[in-house]
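*Asks:* return a 3D structure for these sequence lines:
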Amino acid sequence: MKLRILIALGLTRVGVWAGHKDMFACRSKECPVVELTDANYDTKTKTEPYLVMYYAVWCGHCKALAPKWKKAAKDLEKFSGVKMGAVDIENNRGIQSKYPDIRGFPTIKFVYGNKAEDYNGPREADDLIQFAKERAKKLGSLLEPVASKSFDELYTFFGRAALDKKPTLMLVGQNAKTPDWFSNMHAQLKETSSSGIDDQAKTKLHEALDLAKSSQLRESIQNVLDELATKQKSSAKSKFSAAYAYDDATRQVFNDSTVYVAFVDRKNIAHSHLCAKFVTNTQKSTIQDITNWAHHLHTQAPECDLSMPELPKPPSVLAAEERAARKKAQASSVHSISTSHDLYAQCYHLEKSTCALILSPDHKALQGLDALAVKYARNGFQFAALDTTNAPEMLLTELYGNESEKEKDTALVIIKGGKRPRAARAFGFSAFEKLLDDVLGGGAKFDKFSSGGLPLWPPAEDDEGDGDEGDSLPLDDSDYEL
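*Replies:* Prediction:
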């Protein structure tokens, strides 16, 4: 009889020990789901928030939820400041007595200190993770890991930081997982944020807390102060854009076990200021020194003599640069006009540019227009050249403004279309820049064309249909490209 009792007690204890391991199929020593018992429950939930599953070993619904709970716990391990635990409620009567509302299994609560919030949402891993993160973030305890970046991603990382007008904080290490100390350091480097209540009001709340005699009133005031502190902490914005890199390509260019602070030049990343500090160890005092160093760099003008290594540009950036170069080349070209089609395409039908049309019989003189086109293309002018020796007389008469002006060697005609087409003119190369500056400054005089509309290339003299598709002047077989 005595032997039977001992065996029964032994089996019961084995069942208690094995219940958690069996429920969550944890074969290793460390299980992502923390086992909470009467012995450790208060200690653990007081220091860190937990999403807790209260179960019974015989419960079918609990067994169905267990794999999802384990998956959520494993995924949540990458975040600091919140954990997932489980309680075998029938073998932990002390915990059961804390929550008389637990009458069914499984019951789920978010627990921190002496506060517990029921979870009644969907019981899928992603939903559980989202709820736990939201509640921990609200408490200000959630520490999201600094994202890791490969060498090929660093150009984009620095570029986005420059757009956000933030310096960067980057750690180069060896392990695939971002060190918690670095994520914690990034979290500490935040801008001070207002909680919506001034310091004087908070001081008065603390004074009221000291004078309050009712325990219920003291608890209410303390809850308000805690909420204000949490709000201020969670709404603070980081001073740095942060990244962690551990791939071989990065470690060939940047030093291992080193924290880098970069003040990125938005126009040219290669001209950025780069500072570095070697991480000798991860002791608390060392990490605090590095944190203070980064904070000092943020508040003071950086004195860094390191050069930013050459970083590979992603395909999207290369494609954008190629498009910009083509657009710039096209905008800063002097396009030749020899047909009515050219006249409309390169001058009359411009969507975002103003046509600057040069009239000249001297082809060699047109070669000097390249510098002018480069200088004023950025101001919205597109330059085109018309060989007056082969152009129709009617067209030239309107473009020059009157019959007598056709005897001039060269002319610049700034043409504005719309409902009332008009033109401003300058004669002689020496007067071109003044006209362009006057147009930009609003001081140029524009006159209507004599026909009331844009000057037309007479159909009878249009050589567009003679099989000659050339777009160039006799001087060259292409547009005047810079």
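
*Asks:* got the buried residues for stretch 62-79?
*Replies:* Using 16 or more other C-beta atoms under 10 Å as the test for burial, stretch 62-79 gives 62, 65-66, 69-73, 76, 79. Using the backbone N, CA and C atoms, a C-beta is placed for each residue, glycine as well.

*Asks:* return the subset of those lying in helices.
*Replies:* If you go by DSSP state H, the buried residues of stretch 62-79 have 62, 65-66, 69-73, 76 in helices.

*Asks:* burial count for Lys137?
*Replies:* For Lys137, the neighbour count with other C-beta atoms under 10 Å is 18.

*Asks:* now it, what's its secondary structure?
*Replies:* Under the three-state scheme (DSSP: H, G, I helix; E, B strand; the rest coil), the conformation of Lys137 reads as helix.

*Asks:* can you tell me how far it is from Ala324?
*Replies:* Going from Lys137 to Ala324 by C-beta to C-beta, to the nearest Å gives 40 Å.

*Asks:* check Lys166 too.
*Replies:* 25 Å.

*Asks:* of those two, which one has the most company?
*Replies:* Neighbour totals were compared for Lys166 and Ala324, and Lys166 leads with 18 against 10 (other C-beta under 10 Å).

*Asks:* can you name the residues bridging to the residue lying closest to the more buried one once chain neighbours are set aside?
*Replies:* Nearest non-adjacent residue to Lys166, counting by C-beta to C-beta, 6 or more residues apart in numbering: Ser241, 4.8 Å away. With DSSP bridges applied, Ser241 shows beta-bridge pairing to Thr168.

*Asks:* let me see the contact set for Ser241.
*Replies:* 157, 160-161, 164, 166-169 (C-beta atoms under 8 Å, 6 or more residues apart in numbering).

*Asks:* quick one: which two of those residues are the most distant?
*Replies:* Spatially, the most separated pair among the contacts of Ser241 is Arg160 and Leu169, at 13.7 Å (C-beta to C-beta).

*Asks:* so what's the residue nearest to the spatial centre of the chain up against?
*Replies:* The centroid of the chain falls nearest to Arg160 when counting by C-alpha atoms, centre = their mean (5.1 Å). Neighbouring residues of Arg160 by C-beta under 8 Å, 6+ apart: Ser241.

*Asks:* what about it, distance to Leu154?
*Replies:* Arg160 is 11 Å from Leu154, by C-beta to C-beta.

*Asks:* before we move on, what about Ala444?
*Replies:* Applying C-beta to C-beta, the value for Ala444 to Leu154 is 49 Å.

*Asks:* the more surrounded of these two?
*Replies:* Per other C-beta under 10 Å, whichever of Ala444 and Leu154 has more neighbours is Leu154, with 24 against 17.

*Asks:* pLDDT at that one, what is it?
*Replies:* As predicted, Leu154 sits at a pLDDT of 95.

*Asks:* so it makes contact with Glu310?
*Replies:* No. Using C-beta atoms under 8 Å, Leu154 makes no contact with Glu310, being 10.7 Å away.

*Asks:* return the residues in contact with Leu372.
*Replies:* 383, 432-433, 436.

*Asks:* quick one: which of the ones in helices among the buried residues of stretch 62-79 is nearest Leu128?
*Replies:* Closest approach to Leu128 among those (C-beta to C-beta): Ala72, at 4.3 Å.

*Asks:* thought that closest one was touching Ile129?
*Replies:* Yes. Shown here, Ala72 and Ile129 form a contact pair, counting by C-beta under 8 Å, at 5.0 Å.

*Asks:* just checking, Arg266 touches Ala161?
*Replies:* No. Applying C-beta under 8 Å, one finds Arg266 not in contact with Ala161, separated by 9.4 Å.

*Asks:* how about the strands of the stretch 351-482 of the chain, start to end?
*Replies:* Ranges of strands in the stretch 351-482 of the chain, per DSSP state E, counting those that start in this stretch, are 354-360, 381-387, 411-416, 422-427, 447-448.

*Asks:* what helices or strands is the first one leaning on?
*Replies:* Other elements packing on strand 354-360 under the criterion 3 or more C-beta pairs under 8 Å, 6 or more residues apart in numbering; DSSP states H and E are strand 381-387, helix 393-400, strand 411-416.

*Asks:* redo that, cut-off 6 Å
*Replies:* Here strand 354-360 touches strand 381-387, strand 411-416, going by 3 or more C-beta pairs under 6 Å, 6 or more residues apart in numbering; DSSP states H and E.

*Asks:* and those as a markdown table, adding mean pLDDT?
*Replies:* Output for the helices and strands packed on strand 354-360, formatted as a markdown table (pLDDT from 0 to 100):
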| stretch | mean pLDDT |
| --- | --- |
| strand 381-387 | 89 |
| strand 411-416 | 93 |
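
*Asks:* from the contacts of Leu372, which is closest to Gln222?
*Replies:* Nearest to Gln222, judged by C-beta to C-beta, of the contacts of Leu372 is Leu436 at 71.0 Å.
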